[in-house]
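Q: got a sequence here, can you build the structure:
(2 chains)
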Number of protein chains: 2
Amino acid sequence: MKIKQYIPAFDWLPNYKREWLSGDLSAGLTVGVMLIPQGMAYSMLAGLPPIHGLYAVTIPLIIYALLGTSRQLAVGPVAMVSLLTAAGIGALRPETPEAYLLLAITLAFLVGAFQFLMGVFRLGFLVNFLSHPVISGFTSAAAIIIGLSQLKHLLGVKIANSEHVHEILIAAAEKIGETNLVTLAIGVAAIFVIKYVKKIHKAIPGALVAVILGILAVWGFGLTEQGVKIVGEVPSGLPGLSMPAFDLGTWQALLPAALTISLVGFMESFAVAKAIQSKRRNYQVDANQELIGLGAANFGAAFFQGYPVTGGFSRTAVNDQAGAQTGLAGIISAALIVLTLLFLTPLFYFLPNAVLAAVIIVAVAGLIDYKEAVHLWHNDRSDFWMLLATFIITLTLGIEKGIGAGVVLSLAMVIYRSVRPHVAVLGKVPGSGFYRNVERFTNLEQRPDVLVVRFDGPLYFSNLNYFKDKINELAARKGPQLRLIVLNAESISHIDSSAVHALEEWVQENHRRGIRVHLTSVIGPVRDTLGRWGLTDVVGAENFFMSNQQAIDALDGKVKEGVASEYQEYVLQTS
Amino acid sequence: MKIKQYIPAFDWLPNYKREWLSGDLSAGLTVGVMLIPQGMAYSMLAGLPPIHGLYAVTIPLIIYALLGTSRQLAVGPVAMVSLLTAAGIGALRPETPEAYLLLAITLAFLVGAFQFLMGVFRLGFLVNFLSHPVISGFTSAAAIIIGLSQLKHLLGVKIANSEHVHEILIAAAEKIGETNLVTLAIGVAAIFVIKYVKKIHKAIPGALVAVILGILAVWGFGLTEQGVKIVGEVPSGLPGLSMPAFDLGTWQALLPAALTISLVGFMESFAVAKAIQSKRRNYQVDANQELIGLGAANFGAAFFQGYPVTGGFSRTAVNDQAGAQTGLAGIISAALIVLTLLFLTPLFYFLPNAVLAAVIIVAVAGLIDYKEAVHLWHNDRSDFWMLLATFIITLTLGIEKGIGAGVVLSLAMVIYRSVRPHVAVLGKVPGSGFYRNVERFTNLEQRPDVLVVRFDGPLYFSNLNYFKDKINELAARKGPQLRLIVLNAESISHIDSSAVHALEEWVQENHRRGIRVHLTSVIGPVRDTLGRWGLTDVVGAENFFMSNQQAIDALDGKVKEGVASEYQEYVLQTS
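A: Okay, the predicted model is just below:
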């Protein structure tokens, strides 16, 4: 029982069913075939030689298959994390390719450490702070940045790496005259092949076809002489052991990037894992164990010449559709890459960079989600502005600031909403005991001497003045006839010490004016707090009621015994 | 009507009643007498010559009397703002007393500008973000820092200004051998006089008595020869015009201090103004107009050689008790100070600094509030930790960081609470239509095929996974008999777009499993959102009910017509 908790693979491995094998095999091979071009392309996006993208899908995949809780998640390099890697390392301006690689390996180590520790300390819930609009705005902007970052490979010109859209566009505009037309033709053709070969038959691996055609074209027509940039020598064999830098200065410099990748990578991975699991429903995905699994996979990347990895959206979907039943599919993908590393790397010599750029561009184009923005514009204006703000900040100030600003903005909006909660004056639905908002329903009955009011939200330090002002204003409108305020507290989900003080003052103020205050439908945790602070006595335990109707009946001296008294007994008990 | 809105004094000035005069006169004189020692003492605390504390209670008091909405608020230098002034200016290390004064005047100008603009832009609500525990922890820590900052005057030694307790204590420990015993004796005696003269008769102004006795002692016994530090030459006459520095660099350097003083000063002032008004109840205090009044008063301080002012706690209480009816009391206090400036300043030559230190120490000692901490420890543990954290951070990292950390921590706690709201499984109170938490009430009736569950809080991006996991877990406990989940949404105060997506998935998931979902008591704003996103159709408009009982009756095919159908008509209308 215990070991299953730490190594979820022991849930399926000992009980492996023969009928699962065909699904795992076909899914594993399909994803493996996708991984060859994608691994190389994303590695290039991360600023590394293509081979490290293949190294990153050997040991990490096997580790995740053992430690992860999802049975369909396809781990490996993904576009967003690769871009974040490039941005994070680029900022440190390493001088040699070796220094760059060391930073990438160290980054993978730090990401692994963060994710692993977050899992151990059960911080998986942090991913919940990324709202749908923030993710959508951020992803669209990141997709645009990633797509534009490939412009240089598509045009065959030199443009400095940047995560700021305007910088890339200005640099590209300056260099557009130097475009290598043959390179551009290859890139555009590759985009068409990848996008439209799928339309002929779903099972054809478009990116691999483009890779093969690209290699054949460059080799057959001798296009390197036309200035087409190619991948060149790709080392053969398995990745050797590598060692991250254990150096506090380096760690500190990589810290922001490592934190962002840990969170963003986990978020992307967890979202897709959860989506597939809720469809499959024969196992559970656990956020904290996922963090441990991904963290360990990143350790694998760090010690075997890879770079940060996570669960990818598109490959996971393919893995699921191709019938993956267990983590074995991932192990089979890894095996295919191992075979490729051992025997096929010489074939990639003539692979044009433009084809890899095409692979990336097609992958990220699908991530630009303008439909969500349109939906939000029509249905939830404040969430629309949140999406737009995140989108614009990401485009202009960069990826890390974009996602940070998105989180801060959306949390600020949560606070802002709770500062001025919805307040409703209630009237009686004729011929029933129900009370509803008088502004929403017609023909509700209101008494001139009673104000029934519902406060929709927690009552705490930042909204207690609003509470008092609002209800006092409503009470003032009733005029001197007012004898009773019924505070329907059913939707006051929490009350803090500041609010208890304020509520006490407010109740006493009303008592001085000769106005009774009855509380109805107070939920348990709030009753506890009121009891502890002695507010039950200030209001009077006899002034707590199950329903608005009882509270009003009490004013008229006709409280029914039974339910009400039982409820009040409870109130007295806790006071 | 209009002019009264901008100059609230026009509310009472034209209708001034003769019977108010005696109260205003006695209160004005009492507060004026308090102001003489306090103004000088706080000015010294702010690092300025004592005279500027008197200048600060001339024009500013008159301006506030005209523009402020409180009729009892006593504006002038206060301990907290004086300390913040010293800390803010001290950090810039001005080299001459003239440079120091210029910074103080500029600070008053910036505080005035911030407060005035905050009032104009109606940002008075910002003060609501300071919770009771944060204010309490912050005030206690600031009181300790202020008290310790006077140690040097009490011991008669030189200690560098600091807002870090450990620095003050270490410096004091090093210098304790150099203590001037006569100075210490004067200081301790003054503390006793101030504290215990009040016990003889409430109306005796203890601080003024100590000042007079101190002056007489130093003059009579020639104590300056014993090394007792005195105030020395105090210029005579009214303050001349002064001009703040209009220099962006200076402004930027003073920005953090100006912002903190604006907010903290306003908070202290508004809290006491509101407390007095809620007792008096013959006028209204308005947060935004208060900001305008205080802002204008600070402009007065800036242009007449003062330094930042605000409404003080203790003087306001005295003003109120002494019978102040209108702002005229403040104008009378100012007149008394003007007379003092014109004729009495030579008398202060021999006033020992130790007496002014005693005035400050006695004033702030009353602000250390350990009782609130004890209350919170017993009644609200999380608010207790908030208080303690604010207290410790203020003591160790300084005043500005302390209050900033307090605000951030308490808002983080608000968010944290909303991430895991209270969820209750409800059962039927026998013989009634009420449903209550089965863990709180005994003998509630539950059906094996129905889960009634209430989610207490807004449903939004950060708690939607918790929502799904929690309710799915409760549903799983019911086993395969479960046919209906009744989601009692009365306390779901808000729903955002992320949660709408999640709710839609969750409802469809349940439908696929053959479980119906009924929503009850959904509040208006949430119904609107659900309608806009088409979720009313996904759930089925016929599955919205007024009450849990109706929702269950519908499962049994015995829905009552009338109320329920009217409610559903509304739901259909908006969908």
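Q: show me where the stretch 401-550 of chain A has its helices.
A: Using DSSP state H, counting those that start in this stretch, the helices assigned to the stretch 401-550 of chain A run over residues A:464-478, A:497-512, A:524-532, A:535-539, A:548-555.
Q: contacting residues around the spatially closest residue to A:Pro458 that is not a sequence neighbour?
A: Among residues not flanking A:Pro458 along the chain, A:His494 sits closest, at 3.9 Å (C-beta to C-beta, 6 or more residues apart in numbering or on different chains). Quick note: C-beta positions are derived from backbone N, CA and C, even for glycine. Listed by C-beta atoms under 8 Å, 6 or more residues apart in numbering or on different chains, the contact set of A:His494 reads A:458-460, A:525-526, B:417, B:422, B:456-457.
Q: B:Asn379: which of the helices of the stretch 401-550 of chain A is closest?
A: Comparing these by their distance to B:Asn379 (C-beta to C-beta), the top pick is helix A:524-532, with 4.4 Å.
Q: what's the angle between the closest one and helix A:497-512?
A: Angle of helix A:524-532 versus helix A:497-512, following axes from the mean of the first three to the mean of the last three C-alpha atoms, to 10 degrees, is 70 degrees.
Q: longest helix of chain A, counting residues only.
A: Among the segments of chain A that qualify as a helix by DSSP state H, the longest is helix A:248-280.
Q: next helix or strand past it?
A: As assigned by DSSP states H and E, the chain's next helix or strand after helix A:248-280 is helix A:287-303.
Q: quick one: that following helix to chain centroid distance?
A: Once both centres are worked out by C-alpha atoms, centre = their mean, to the nearest Å, helix A:287-303 turns out to sit 17 Å from its chain's centre.
Q: so which elements touch it?
A: helix A:59-67, helix A:97-120, helix A:248-280 (3 or more C-beta pairs under 8 Å, 6 or more residues apart in numbering or on different chains; DSSP states H and E).
Q: deepest-packed of those helices, please.
A: Across those, averaging neighbours per residue (mean count of other C-beta atoms under 10 Å in any protein chain shown) puts helix A:59-67 on top, at a mean of 25.
Q: and it, how far out from the chain's middle?
A: Worked out by C-alpha atoms, centre = their mean, helix A:59-67 lies 22 Å from the chain centre.
Q: what does that helix contact?
A: Contacts for helix A:59-67 (C-beta under 8 Å, 6+ apart): A:6-9, A:73, A:75-76, A:239, A:289, A:292-294, A:296-301, A:303-304, A:306, A:309, A:311, A:327-328, A:330-331, A:333-334, A:337.
Q: wait, A:Ala108 sits on A:Gln305?
A: No - checked against C-beta atoms under 8 Å, the pair A:Ala108 and A:Gln305 is beyond contact range at 9.6 Å.
Q: tell me who's in contact with the residue most central in space within chain A.
A: The centre of chain A sits closest to A:Met267, judged by C-alpha atoms, centre = their mean, with a distance of 3.9 Å. Contact analysis of A:Met267 by C-beta under 8 Å, 6+ apart lists A:127, A:130, A:135.
Q: distance-wise, check it relative to A:Lys274.
A: Counting by C-beta to C-beta, to the nearest Å, the separation of A:Met267 from A:Lys274 is 11 Å.
Q: ok so, going back, okay, the angle between the longest helix of chain A and helix B:497-512?
A: Using the same axes, to 10 degrees: helix A:248-280 against helix B:497-512 is 40 degrees.
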